[in-house]
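>>> This is a predicted model, with the sequence first.
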Amino acid sequence: MTRLEQIKSRIEAALPGARLEIIRNDSPSAQHSLLVDNEHALAVARFLRGDPQLRFDYCSNATGIDWPDAVLKEKVKVKKVVDGAEKEVEETVEKKRQGFLEAVYHLYSMELKQGPLVIRMRTGNRADQAHLPSLTPIWRGVEFQEREIYDLYGIAFDGHPDLRRILMWDGFQDYPMRKDYVEPDDYEYEPTPHDEVLEKTQKHYAQETKS
């Protein structure tokens, strides 16, 4: 049993009903993570910080990820009659996946000198269900990082003490780190447009003049 599996089992024993899933990372880093259900996220975070064998008392980083709607291809084995005989063959099927947003936290124990433990939470979608519980009450250092995720990805952190934009101004529209974000063509906030920005600005004002 891996260390992550042990932590998962320990949480499940302490918090019956918590829904946890190990998300594999097949890249060379092999930094697998633990997906936590939103309903139990605060309780899980509190346990991870307070359990004497874990003591994850420091969150070094919190970031967002955008997963737009996608069509995923999956290979499945089905039984078919081939040349008069039933055989098991492999086929590729397509499945639609509704888009969602994630918040990912990297945890360490300064006391026990262990980590990182990567945990993540997932929104219901990218529109009206883009809410997650704030983990600021557990790790105070994520306050500004959750504000940044809110600002750039549009995840609303319920229970955050001061949820407002931190990089973009209050009147800014949309969320710049979403994969379907479209840059404006006027750049009115650019005091001295140049290069590609200047070209877009000229096209924008040319269209305004015609209209």
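That came through fine. Here the structure is a predicted model, which is why all the values come from computation and not from measurement.

>>> Spatially central residue in the protein, please.
residue 102 (1.8 Å; Cα atoms, centre = their mean).

>>> quick one: which helix or strand includes that one?
strand 100-109 (DSSP states H and E).

>>> mind saving the C-alpha coords of that strand as CSV?
C-alpha atoms of strand 100-109 as CSV (Å, rounded to 0.1, in the frame of the first residue of the first chain):
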residue,chain,number,x,y,z
PHE,A,100,-15.5,21.7,-14.5
LEU,A,101,-12.9,23.6,-12.5
GLU,A,102,-10.5,22.4,-9.8
ALA,A,103,-8.6,23.9,-6.9
VAL,A,104,-5.4,22.0,-6.1
TYR,A,105,-3.5,22.4,-2.8
HIS,A,106,0.1,21.2,-2.0
LEU,A,107,0.5,20.3,1.7
TYR,A,108,3.5,19.7,3.8
SER,A,109,4.2,18.9,7.5
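
>>> Give me the buried positions along the helix or strand following it.
Going down the chain from strand 100-109, the next helix or strand is strand 114-122, by DSSP H and E. By 16 or more other Cβ atoms under 10 Å, the buried positions in strand 114-122 come out as 115-122. All C-beta atoms are positioned from the backbone trio N, CA, C, and that covers glycine.

>>> same deal with stretch 156-168?
157, 160, 163, 166.

>>> can you pull the pLDDT of the second one?
pLDDT, the model's per-residue confidence, is 98 for residue 160.

>>> separation between the residue lying closest to it once chain neighbours are set aside and residue 44?
The shortest distance from residue 160 to any non-neighbouring residue, by Cβ to Cβ, 6 or more residues apart in numbering, is to residue 134 (3.9 Å). Counting by Cβ to Cβ, to the nearest Å, the gap from residue 134 to residue 44 is 14 Å.
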